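Engineer: Sequence and predicted model, in that order:
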Amino acid sequence: MALENKLISADVVEVQEFPNLARLYNVSGVPKTVINDVVQFVGSLPEDQFLEKLMQVGYREPEPAEDGA
Amino acid sequence: MALISEQDKADLKRRFRKELKKDVTINFFTTTPSPLTLPGRDCPTCPQTQELLEDLTSLSPKLHLERYDFFSQTKERDDYGVERIPAIVMEADGSSRLKYYGIPAGYEFATLLEGIITLSRSVSPLALETRKKLRKVNQPVHIQVFVTPS
């Protein structure tokens, strides 16, 4: 997914080596996916469902004025 | 002890010859061994990770290994957005990047290989419909996948 859009970055983290991070994100099972620290799920998802979760944080309707971010 | 068996090396060589297209640089962030143990600066899996990557990159002329010191080469660290070590940043065309934190052992070695081959071929394994939607992403998205090596 990270290859399709420069705004998307992807990290794989080996939890045993980074227990602090595992604690921070409450990793109780693997694979656990965290998107922008807000969307989280354990286990692997079919592509369309993964995409749906990604789009929850990855897409905002363009706002007419000021906020260009 | 070699981390990749001779048989696996031969298989990988063949696979790389067949499947790799573009060159891939493997940027490895580690720490320089010091006679002093500095608190917070130890990296027990760094030496083995380096050995694994040296072995791996020796199997194809299209694979290149760059080694950086996490604590002194701060510019590179920040450019690549590396937050901890050992870190592996796979890169093709100087832009497409995938990051792996930790030693890619066991099943995770296959994850690393897939990453390298996908980058090298720049062909996404995703469905066309998915790729279309991903092009609409207009907010920064950071995906972290936590795994164990077994």
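Structural biologist: Arrived safely. Numbers count the residues shown, from 1 in each chain, chains lettered A, B, ... in the order given.
Engineer: make it CA atoms for all contacts and neighbour counts henceforth
Structural biologist: OK.
Engineer: In chain A, mark out all the strands, start to finish.
Structural biologist: A:8-14, A:32-35, A:39-42 (DSSP state E).
Engineer: of those strands, which approaches B:V89 most closely?
Structural biologist: strand A:8-14 (9.1 Å; Cα to Cα).
Engineer: nearest to A:G58, of the strands of chain A?
Structural biologist: The nearest among these, by Cα to Cα, is strand A:8-14 at 8.4 Å.
Engineer: which residue ranges form the strands in chain B?
Structural biologist: Assigned by DSSP E, the strands in chain B fall at B:24-30, B:63-69, B:87-92, B:96-101, B:141-147.
Engineer: what's the neighbour count on residue 41?
Structural biologist: The chain I'm using is chain A. 17 (other Cα atoms under 10 Å in any protein chain shown).
Engineer: you looked at the wrong chain, it should be chain B
Structural biologist: B:R41: 16 neighbours (other Cα under 10 Å).
Engineer: For it, which non-adjacent residue is closest in space?
Structural biologist: B:T31 (7.5 Å; Cα to Cα, 6 or more residues apart in numbering or on different chains).
Engineer: just checking, that neighbour touches B:T74?
Structural biologist: No - with contact defined as Cα atoms under 8 Å, B:T31 does not reach B:T74; the gap is 11.8 Å.
Engineer: Those two: which has the busier surroundings?
Structural biologist: Using other Cα under 10 Å, the more surrounded residue of B:T31 and B:T74 is B:T31, with 20 against 14.
Engineer: show me what contacts that one?
Structural biologist: B:R41, B:D42, B:C43, B:C46, B:Y68, B:D69, B:F70, B:F71, B:I85 (Cα atoms under 8 Å, 6 or more residues apart in numbering or on different chains).
Engineer: pLDDT at it, what is it?
Structural biologist: At B:T31, the model reports a pLDDT of 94.
Engineer: what's the answer for A:E66, then?
Structural biologist: A:E66 is given a pLDDT of 66.
Engineer: Looking at the strands of chain B, which is nearest to A:L21?
Structural biologist: With distances scored as Cα to Cα, the stretch of these nearest to A:L21 is strand B:141-147 (9.3 Å).
Engineer: same for the closest one, what does it pack against?
Structural biologist: Strand B:141-147 is packed against strand A:8-14, strand A:32-35, helix A:47-58, with contacts defined by 3 or more Cα pairs under 8 Å, 6 or more residues apart in numbering or on different chains; DSSP states H and E.
Engineer: Right, I'll leave it there.
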